[in-house]
Structures are given as C-alpha cells and as structure tokens.
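Visitor: I'll drop the sequence and a predicted model, then ask my questions.
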Amino acid sequence: MCREEALKLWQLKPELDKVGCKLVCLLHENIPEEVAQFKPEFWPGELYHDTDKAFFAAVGGGKPRAMSLMGLLNPFGKAWKNASRAKTAVSSSNLKGNGLVGGGLLVMKNGEVVYGFQEKNFGDHAPTEDILAAAKN
C-alpha cells in the first residue's frame, strides 16, 4: 500500500516544486532488492534510509508506531478496503520486510512542521488537498 501512496505523492511533485516544497521518501528498513525495484518504478526521487527511525518516531508521536495485525483480520475493515484500492493502483506488491511500522507524512517549512499525517490503519494516506494547502501556506 505504500507503493500506491508513493505514486500518488510523486504525481504532486510539479505542484510542490512550484511552491518550493522538496519531496523526499524515507524508508524504515533497507532491503537492497526491494529498494532497487521501488526506486525507479514508484519513487524516482530522493530516497533515504532512516536508520534510527527519527522520522517514524516524529510521525508516531515520539516513537515509531507499531501497527496492529488485528486491523488485517477484519475483512470489512478499513485496512482491507485500502488494500483493495491499492491493488487497482499499482501493478506489483510484496510482503517483504517489517510491514508493521506505521508511516505518515510531514510537510515542513523553515524547519517547522506545518502539517503532519499519521497512518492509523494499514494503507491510510494523507489527503492530497491537505498536503498542497500546507505546502502553499
């Protein structure tokens, strides 16, 4: 599901460039063969491995957020709806690595966070209109 979000965010790059907002992707783990596939197909921009998980701690309210497998057990829950949506948006996916680290997004200006989004359910994405509004203000 993060591949779907990467594609969605990358499509915003021209608008973000216009307002001087730099777009980078942070990974919580470095699996070389996965990064080699992810980078050209889903995120051709700057990509960094957050070895100490500082970004994930910031998004998680002080420590990286561990997602619960319980959300995946309910076939009528939001995680399943998100997974179904992601399957239509991306051609490939995988289950490699630790998929339980909650992700998110920060929009920063002059070193200050002006917008933050924390993934609550597997596959949650920040609304693009909120990202653009934060970047433009």
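Guide: Arrived safely. Numbering: from 1, shown residues only.

Visitor: Lowest average confidence across helices and strands of the protein, where is it?
Guide: helix 78-89 (a mean of 64; mean pLDDT, DSSP states H and E).

Visitor: Following element in sequence after that one, please.
Guide: strand 104-109 (DSSP states H and E).

Visitor: can you list the residues that contact that next one?
Guide: Strand 104-109 has contacts (C-beta atoms under 8 Å, 6 or more residues apart in numbering) with 9, 21, 55-56, 58-60, 113-119, 126, 131, 134-135. (Each C-beta comes from the backbone N, C-alpha and C, glycine too.)

Visitor: Which strands border that strand, and is each parallel or antiparallel?
Guide: Applying DSSP bridges to the sheet, strand 104-109 is found paired with strand 112-118 (antiparallel).

Visitor: Show me what counts as buried in the partner strand.
Guide: Of the residues in strand 112-118, 115, 117-118 count as buried by neighbour count, 16 or more other C-beta atoms under 10 Å.

Visitor: so where do the helices sit in the protein?
Guide: Under the criterion DSSP state H, the chain contains helices at 2-11, 13-18, 32-42, 54-59, 70-73, 78-89, 128-136.

Visitor: With mean neighbour count and distance to L26 added, can I get those in JSON lines?
Guide: Listed next are those as JSON lines, based on neighbours: other C-beta atoms under 10 Å; distance: least, C-beta to C-beta, whole Å:
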{"stretch": "helix 2-11", "mean neighbour count": "18", "distance to L26": "11"}
{"stretch": "helix 13-18", "mean neighbour count": "13", "distance to L26": "16"}
{"stretch": "helix 32-42", "mean neighbour count": "13", "distance to L26": "12"}
{"stretch": "helix 54-59", "mean neighbour count": "17", "distance to L26": "5"}
{"stretch": "helix 70-73", "mean neighbour count": "13", "distance to L26": "23"}
{"stretch": "helix 78-89", "mean neighbour count": "15", "distance to L26": "20"}
{"stretch": "helix 128-136", "mean neighbour count": "16", "distance to L26": "16"}
